[in-house]
Structures are given as structure tokens and as C-alpha cells.
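Q: Quick one, fold the following:
(2 chains)
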Amino acid sequence: MRLLKWLLPTMALTVFLGFIYNKGEKNLWDSKSMIVHLNLHKPFQKGHEVQYKKSVTRNAEYFFDVNVNPLKEVSRKTFPVSNYGIHSASKAVPVPLQEGKLVGTDTGKLIHLAHDNKLLWSFQVANSNRGIHSTPGVDESSVYFGGYNGNFYRLDRTSGELLWTIKAGVAVGASPLLIDDFVIINFELPENGFIAKVLRDTGMVIWSSDFLGNQSHSSVSYHAKTNTLLVGDNNGNLRSIDYKSGLIKWILPLGGEVKNAPVIFEDQVYVNTWGKELISVDISSGKVTWRTKLMAKSQSSPVVDSKNRLIISGDYSGTITAVSVDGKPAWQKIRHSKLKNYGNLLLLNFKNLSYLVYPFENQILFTDPMTGNEKLSIPTSGAITSEFMPYLEKNLLKMNVIPHQGELQEIIFRLK
Amino acid sequence: MNKARLFFKELQTKELITYGLCLSLTHVLTFYFWFKNSVPENILNRLNPVCWPLFQNCDSLRPLISTISHELLWIYLGLSVTSAILFAGTKYIKTANYLLLVTTLVKLFIFAQDYRLMGNYHYMQFLIILLYFFGYPRRMNVLVLLLICFYFFAGLLKFNYDWLSGSAMIAPPIVTGTPLVILNFLAVLFEVILIWGILSKDKRLHAFTFFTIIIFHLFSWHIVGFFYPLMMLLLIYPFLKAPELNLREIKLHQWIFILVFGLMQILPKVLTSDSSVDGRYRIFALNMFDSKTTCKNHFILSQGNEHQEIQYHSYAHGVRIWCDPIIYWNTARNICKEMNKNKKTEVSLFLSSKRNTELDHQTLLNYPAFCSSIPKLTFWGEIK
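A: Just a heads-up that it's a prediction; the model follows:
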């Protein structure tokens, strides 16, 4: 009895405490908890920034201030850098730099090659069986990129040494966005994702956005006039996020996953969706201004032809659709490819000639942006699932590509 | 009769002979545990050891150990079985005791070879055997007290959100949710308070306490595996004699032993903000499943202009040590040693960790140039 007198109140207290303490564990993915590791401190130097789709508006429109003859391939160099990835989704674009090129590979190695093919440095990311999909952003001093292992890295541009890393997600498929002193990163979590604004210098996190609700592959774009970031997600939403605070300005359901980077031109943002649409949205109000049907799903971003004021989209079928910036149909080049055409479009503007360039099946097509008519076709050893960053070197135009299950190739065109 | 003879004579009393048998069986059990877990293949034969802070040059012995690990384990079994048989026969008790001592030293030798062999069960077994041999006079008294202290301090360690909420469980128990939390509270109450009932002269309370201990260990079997409960069931034999304990008979040196043991348990709590996460000062203390940790790590291996991030799969180790900085310190040191044979290598080591129930990680290790200046691993398991 004495024992019971003592035990019963104790048990009652225990049961009470048991109810209070019954809470779950806190998983890393329950939060936007970011583990920042500052390895070496080297101040970053702004300037000569190279980033995915040329600029913060992701408007892959290149202008070269030269007159040229019609482009003609003159040679092709192959480099021992391969792409054997387990999936064919859009991959990192080889980035041309003054001192050579940066290539993110499917083995998870970021390789910096000199023009003479000499290895300047390499950085192998861990747990990299899905490689590097994020196209590196580069400034004077540093290289910024995400791994498909969920980590984001800043490396020293000269030596390849790790300066800082952020461990926050399960994948970083999107490309970074460099603005001012910051880098904007899109982290993917299991069935979720979020955007973070990070100080380039130390990796310090300034803010992280609300959860996006589903995985987010879309690279972030920036509209300077309204200080707005724009990003799509796999829920089929387009989001507008305040660049300063990270707060959501508006969320617009578009009816199909947005895998690509939204493209900004003037005060509109343009996205292609898996709902087979090209959609134009007013950035300030978040209202749809027009929609155009595409022949198939689209994984790639549209491109803006600012001279002709056209928005041009590609889709899985290989069909190219051009619409004027106010939504009126311009032209359409219908194709019925059985392969998924992932590759992004770009616009090459010389003084006297313009080309709309895009990969189609195992070739790269150079077409007339006014009509869609083919001007030149370049065969490749496999489908190109990334895009190209063209650059001029003397009288030559060069483009680096890695075909799916192929080797890095530098394609060289004579301009005159 | 001189003291030496009395020292040995006490070991020939019926209860200590029985306990000697139990202790020999703990070695047989250890052999089975190590054998079942392929300790030679998984740990001792590997040329990259994880050294204890107290024996940081264990790698010097590793080439030898790796060639004789199986033999060593079989010798260990042979000695422990022989000593158990001799204790059971009761005729050659002195020899049995010598064999038990040698067996323990063999185990200590194997145990010292790698930090990954650590475990509470070994820690408690070593302390008990130490007292069994050197706790003279009236060893049973101090053995009972030490065993109570094991439970008491283990209970104190578990008095935290992680353990009580059930999130520190290493395997899913059959009971979940609120009933599990209630059971956890009961376990802590039992270990901290009710355990003292083992000393009661009241037969019913003594029996109740003893059977609760048995039930507690048997219940834990499906969570922690066979080794821990069986080890404890063999070690707690003195509890049967606990009502006969007379605290006044415990000598000063025995009290000092208990006091030092207690201090070792308190030290991590006093000297670190969270020893469950950083592991500091725990080397001489009980290491319960008081919290489960999650960690992020990387090693950046640089050779010239080629850099490689290595994600170390910490979860390959036991739950107590998978985020332990000692493991990472050793791994980085091994990489430095291994790679220097070829060309200039540098390793950047980073480790951050958190309790499973917390959100924020804390950085435990951050050494951008580990090989150039290897940080010191202190006696207490602290990395400076």
C-alpha cells in the first residue's frame, strides 16, 4: 500500500508530462535551415559578370557590333569532358571566360579549362551522381554554382578553392542570379523549395523566401524597375518576390509546371509551361496579359527578339512559335519530333544579320527570327539539353556544347 | 592472514564466484557481439583506424592488428570460455580469476585499437571488473553502489526533451506516440528514483525494483538489440544481494572511486553547453542514447589545382558516434597521412551538428587547412 501511495501520483504526473512532451522531431526540411560554411575568406570583386541566359532578365539575346557574312562552321574542337548523366534534363551550360571555359559535368565535376585545353582547376562535388545542372555565375573573383547534391558553392576563380558553401537542400538545379553584392539561389527540398538571398562575400543568408510548395527548378529572374524576383515552380505557379525583403508579392497559378527561367522584357514576364502555353504576365499586377497555345509541353525559356518585338518559344515537339509582345501570332514552324526537345533558344544579333539559334534533335539550327526559316544546320553527336553561350574571338564566333552522352565540343564559325 | 591472502580469499566467496562466472560470460557475449558485427572485417582490418584520444598512435599497431585480428578474437573467446568453465566448476577459482583478468586485458587491448568500438556496455563492464578485482574489501557493497550509480546517472542523462519525447530512439519501438513518451518518463523516474529501492530491506520493494529492471532491459531488446540487455542482466547479479549492503562498511577509497565516477558524469554537463552534440568530456562518462544527432560534414581534398569534396557517410557508424568530432578528426588525419605519400595534399574539414529535435546546426569543426596544422585532440576528446 505504501508503495502504491507513492507510485500512483508519480505515474499520474508522468502521464501528464508524457502528453506535454509528445512532439515530433525537427527535420532539416521542416525549416529553411541553411548551414553556411565559410572555408576561406576572400572578398569578391564585382564586374564582368557572366550568368545564365546572359543577364538578370534571362533574356538570351546577344548583340555583336560587327557586320558578318552568313555564318559557316569552319572547325570543331573536341575536349575530353563528357556528359553521361542518368537523366537528360536541362544541363549546365559551358561558360566561356576570358581565360578559358567552365564546364559543369554529369559526374559532378566543375572543370575550368584554358583555351589550349589545359586544366586550370577542377572541383568535384560530393554525392554527385546527378551531376551539375546549374550554370555557374561568374564575377571577377569567384564562381558560384549549385550541385545536384543540394549544396551551393562559391569557388575562387583563379584556384578553384572552396570559399564558402551552403548546405540547405536536396538539389540545386537552377542557376544562380548575381545582383549587386548578392547571389540569389533556388534550393530544392523533398517536394518543396525556397529562394535565398545570400551575401556573395561570406555566404551569409540575408533572407529565405516562403516555401514554394513543390520542387523548383526554375532559375530566378530579376526586374530592376520594381525590384522584383520572378520564379516558377512545379506546382505551376509563377511567383513574384520582393528582392529586398524576400516577401511574396503575388502568386499566379498558370496551369502547368514552370521549369524554365521566366524571361523579362520591359514590364512583362514571359514563361513557357508544361500546360503547353506561352504566357505573358504583367510584373506589377501579377495579371495575365495574354496566353498562346504551344504544340507541346515546354521545358525551355522563351527568347525575346527586341528588335522585332517578338517572343519566341520552343517546345518538346520541336515546334517554334513566335508571338508579338502584345500577343499576336507572328509565325510558327511546326515539327513533330518524337524526341523531347529541351534546349533553350537564343538570339544572335550582328549589325547586319540576326539568327534565332536552338537545338533540334541531333542538330543545331540557325534560323531567321522574322520567319523561322532555316539558314544553317549543324549536326551534333547527340541532343543538346542545355544551351549555348556564344562569344567572339577575333573573326570567329565560338560556341561550346556538350551533347547528351557526348563530349564537350567547341564549334567555330567564321564571321567574314 | 595477510592482506594479499584476504584479497584473494574474498574472491572465493560463493557470491563472487557466481559473479565471476557472470563476468566471464559478459566476455563470451562480447565475443559474439563483435563476431556477429564482423569487427575484424569492418574495423580492425581497416588500415585507417579511428584512434582513441588516449591512444592516438593506434595506427602504428594497425598493420599488425589487421593480420591477427581474427586470431585475437578467437583467443579472447577461448580465454573467456575457459574462465567461465573454471568458475562454474568452482574448483580452480584462483586460476579462473587470473583468466578473467587476462581476458579483460585482451578485451581492453582490442578495445583500445579503435574508437568505433566504444559503447556504454563496455564502459560499464570494464568499471565493474575493475571493482570486482580491486574493490577490496567487501567488494559486493561497492559493486552494488556502482551499479545503482549507472542507472542513476543514466536516468539523469535521459532527463532531456530528446529522450523523453522518444526522438532519441535508435530504432522504432513497438510503442509510439504518447504511450512511448509516458514509458520514457517512467523509465527515467525508475532510473533516478526507484532504483534506490534495490537497497530496501523490504523484500517486496526489493523484488519489485529488481523485476522492473529485468522488464526494462527485456523491453529495450527490440530497440537496442540483444547485447545491451544481456550484458546488463549479467552485470546486475549483485542486486540480488543489495538488501544486505551496509553503506557504513564502504571504505574511503571505495567512496572516492564512486565520487570520481560521479564527477566524470557531471563533467560534460558542466564544461560544455551541449555534450550530446559536441561530444566533449564524454570520454570517461556514460554515453546513453540521450539524444540523437544529425550532422553535415565535408572534407575538401585538394591536390594541386584539383579539389574534391568528399561527403563522409557518418551514418555508417553507430548512432552514438556518427556525428562525433573524434571520428572526423581521425578521418581527416588519415587522409592527410595517406595522401602525403603521393603529393602535397590539403584537407579542409567541416562538421556541423544538431540534436534531432532542434532546428539549428552548430559548427563543431572548421579547419580549412587541416593537414598543414593538425589540430590537437586532447585527452578529453576535445579538438583544439
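Q: Can you tell me the SS state at A:Leu278?
A: State at A:Leu278, reduced to three classes by DSSP: H, G, I helix; E, B strand; the rest coil: strand.
Q: pretty sure it contacts A:Ala322?
A: No: in this structure, A:Leu278 is not within contact of A:Ala322 by C-beta atoms under 8 Å, at 9.7 Å. Glycine gets a C-beta too; all of them are placed from N, C-alpha and C.
Q: Between these two, which contacts overlap?
A: Taking C-beta atoms under 8 Å, 6 or more residues apart in numbering or on different chains as the criterion, A:Leu278 and A:Ala322 both touch A:Ile311, A:Ser313.
Q: count of neighbours near A:Asn235?
A: 18 (other C-beta atoms under 10 Å in any protein chain shown).
Q: residues in contact with it?
A: Contacts of A:Asn235 by C-beta under 8 Å, 6+ apart are A:Leu212, A:Gly213, A:Asn214, A:Pro253, A:Glu257.
Q: 10 Å - rerun?
A: A:Gly193, A:Leu212, A:Gly213, A:Asn214, A:Gln215, A:Ser216, A:Ile251, A:Pro253, A:Leu254, A:Gly256, A:Glu257, A:Val258 (C-beta atoms under 10 Å, 6 or more residues apart in numbering or on different chains).
Q: where's it, which helix or strand?
A: Secondary structure assignment for A:Asn235, by DSSP states H and E: no helix or strand.
Q: now the one 3 residues further on
A: With the criterion set as DSSP H and E, the secondary-structure element containing A:Leu238 is strand A:237-242.
Q: So what's the model's average confidence on that strand?
A: If you average the pLDDT over strand A:237-242, you get 96.
Q: Spell out which helix or strand contains B:Cys295, please.
A: Secondary structure assignment for B:Cys295, by DSSP H and E: strand B:293-303.
Q: Checking A:Val103 next. Helix, strand or coil?
A: A:Val103 ends up strand, using three-state DSSP.
Q: Surely it touches A:Gln409?
A: No: if you go by C-beta atoms under 10 Å, A:Val103 and A:Gln409 don't touch, sitting 11.1 Å apart.
Q: Give the intersection of the neighbour lists for these two.
A: Common neighbours of A:Val103 and A:Gln409 (C-beta under 10 Å, 6+ apart) are A:Phe79, A:Val81, A:Pro94, A:Asn400, A:Ile402.
Q: Switch those residues over to JSON lines, and while doing so, append neighbour count, pLDDT and secondary structure to every line.
A: Below are these laid out as JSON lines (neighbours: other C-beta atoms under 10 Å in any protein chain shown; pLDDT from 0 to 100; DSSP: H, G, I helix; E, B strand; the rest coil):
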{"residue": "A:Phe79", "neighbour count": "17", "pLDDT": "84", "secondary structure": "strand"}
{"residue": "A:Val81", "neighbour count": "23", "pLDDT": "76", "secondary structure": "strand"}
{"residue": "A:Pro94", "neighbour count": "27", "pLDDT": "91", "secondary structure": "coil"}
{"residue": "A:Asn400", "neighbour count": "24", "pLDDT": "90", "secondary structure": "strand"}
{"residue": "A:Ile402", "neighbour count": "28", "pLDDT": "84", "secondary structure": "coil"}
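Q: With respect to B:Asn287, which of these is nearest?
A: A:Val81 (47.8 Å; C-beta to C-beta).
Q: Not counting sequence-adjacent ones, nearest residue to the closest one?
A: A:Leu408 (4.1 Å; C-beta to C-beta, 6 or more residues apart in numbering or on different chains).
Q: just checking, that neighbour touches A:Val401?
A: Yes: taking C-beta under 10 Å as the definition, A:Leu408 is a contact partner of A:Val401 at 7.5 Å.
Q: How about the contacts made by the residue of the stretch 201-350 of chain B found nearest chain A?
A: Proximity of the stretch 201-350 of chain B to chain A (C-beta to the nearest C-beta) peaks at B:Gln311, 3.4 Å away. Applying C-beta under 10 Å, 6+ apart, we find B:Gln311 in contact with A:Val125, A:Ala126, A:Asn127, A:Ser128, A:Asn149, A:Asn151, A:Lys167, B:Lys296, B:Asn297, B:His298, B:Phe299.
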